[in-house]
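J.: need a 3D model of the following:
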Amino acid sequence: MPPSTQAQINKGARLRFANTNLILLCALLPLSAVAGDTPAISIIIDDLGNSPLDSRRAVELPGPVACSFLPLAPHTPRLARLAWKQDKEVMVHLPMQSESQALVGPAGLTLDMSQEEFFQTLDAALGAVPHVSGVNNHMGSLLTRKQRQMSWLMQALQRRGDLFFVDSRTTPATVALRVAKQNYIPSVQRDVFLDDDPEASAVAEAFDRLIAKAHETGYAVAIGHPYGPTLELLEARLVTLHSEGVVLIPLSEMIKRQEVTTWSGSLSHLPRVSRSSKR
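T.: Next comes the predicted model:
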């Protein structure tokens, strides 16, 4: 058996073992102990690396806001290093083909690529961003609908073994999150876009929806962009989240929290073993 094949088998076994341990943890501990009592949010700022001033302002937002960089943007390497030094999670904002046929941009993944071209382009994108810990899709309303291409993406991330994936959900028809989980990639999906409408009042309303979602389900993930109204709102409200009864957590922690909550919910529906006085 080739060494590469054996390595993949070993990695799969380790992932299954980790999932088994997670199930056991959920069975032994109350949900509040493993998922946290305080509703949590995570926030990603996309499209970083083109504008140095707006991108730097995003990098300097308070708290563990994830910074997602366009892989070949001119200021990506320098600002990604700065984000890492400030304990921000650094992501690749991976360009993918959209239904509108808008230009996908440098290092973009498209439907007409062979598997080899797909992997080469993806490797180049990942290699262009220092200290990368995760990936989310830029555009992609066409490509994230495709099982084959999403399987290629997740296979590549699985081989890396150190990256998480966030489905930006640019289409309701996306299969990306499902395929990520099938391949044991740590993953979550976006719940709220903060600035589909970049007007200040609309951004504030979207942030309120994010907070409400977190209170409703225990957690919520938002994506925003380095727009003036978005940055102004986050600079003001992230430092007062305690008054809104939520906490801002890194994406890696959000993924663990959601996985544990899912497993705990599944286990809560298992039949309980009755305790009998007759032994």
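J.: first to last residue in stretch 90-109, what's the distance?
T.: One end of stretch 90-109 sits 20 Å from the other (C-alpha to C-alpha, to the nearest Å).
J.: okay, buried residues for that stretch please.
T.: Across stretch 90-109, burial judged by 16 or more other C-beta atoms under 10 Å covers 90-98, 104, 107-109. No exception for glycine: its C-beta is placed from N, CA and C like everyone else's.
J.: in strands only, show me the residues you listed.
T.: Under the assignment DSSP state E, those contribute 90, 91, 92, 93, 94, 95, 96 to strands.
J.: what's the closest non-adjacent residue to the fourth one?
T.: Think residue 93. Spatial nearest neighbour of residue 93, excluding adjacent residues (C-beta to C-beta, 6 or more residues apart in numbering): residue 68 at 4.0 Å.
J.: where does that neighbour fall, phi/psi-wise?
T.: Main-chain dihedrals, residue 68, degrees, to the nearest 10: phi -110, psi 120.
J.: tell me if I'm right that it and residue 91 touch.
T.: Yes: between residue 68 and residue 91 there is a contact under C-beta atoms under 8 Å: 3.9 Å.
J.: which residues do the two both contact?
T.: Residues touching both residue 68 and residue 91 by C-beta atoms under 8 Å, 6 or more residues apart in numbering: 44, 136.
J.: hmm, back to that, what is the burial count for the residue nearest to residue 93?
T.: Using other C-beta atoms under 10 Å, residue 68 has 31 neighbouring residues.
J.: relative to residue 205, how far out is it?
T.: 23 Å (C-beta to C-beta, to the nearest Å).
J.: before we move on, what about residue 163?
T.: 33 Å.
J.: out of the two, which sits in the busier spot?
T.: Using other C-beta under 10 Å as the criterion, residue 163 and residue 205 rank with residue 163 on top: 18 against 13.
J.: just the pLDDT for the more buried one.
T.: At residue 163, the model reports a pLDDT of 98.
J.: pretty sure it is touching residue 133, no?
T.: Yes: with contact defined as C-beta under 8 Å, residue 163 counts as touching residue 133 (6.5 Å).
J.: rewinding a little: and the residue nearest to residue 93, what does it touch?
T.: By C-beta under 8 Å, 6+ apart, residue 68 lies in contact with 44, 45, 46, 47, 48, 91, 92, 93, 136.
J.: nearest to residue 183, of the ones in strands among the buried residues of stretch 90-109?
T.: Nearest to residue 183, judged by C-beta to C-beta, of those is residue 94 at 16.0 Å.
J.: just the helices in this protein please.
T.: With DSSP state H as the criterion, the chain has helices at 3-28, 31-35, 52-59, 76-85, 115-127, 147-160, 176-182, 200-217, 228-237, 251-268.
J.: ranking those helices by mean pLDDT, which is last?
T.: helix 31-35 (a mean of 42).
J.: how about residue 153: what's its closest non-neighbour residue?
T.: residue 122 (6.9 Å).
J.: quick one, what contacts residue 245?
T.: 38, 39, 215.
J.: how about residue 239?
T.: residue 62.
J.: tally of neighbours for the nearest residue to residue 244 once chain neighbours are set aside?
T.: Distances taken as C-beta to C-beta, 6+ apart place residue 211 nearest to residue 244, at 5.4 Å, with adjacent residues excluded. Residues within reach of residue 211, counting by other C-beta under 10 Å, total 19.
J.: got it, and the one 5 residues further on?
T.: The tally of other residues near residue 216 (other C-beta under 10 Å) stands at 10.
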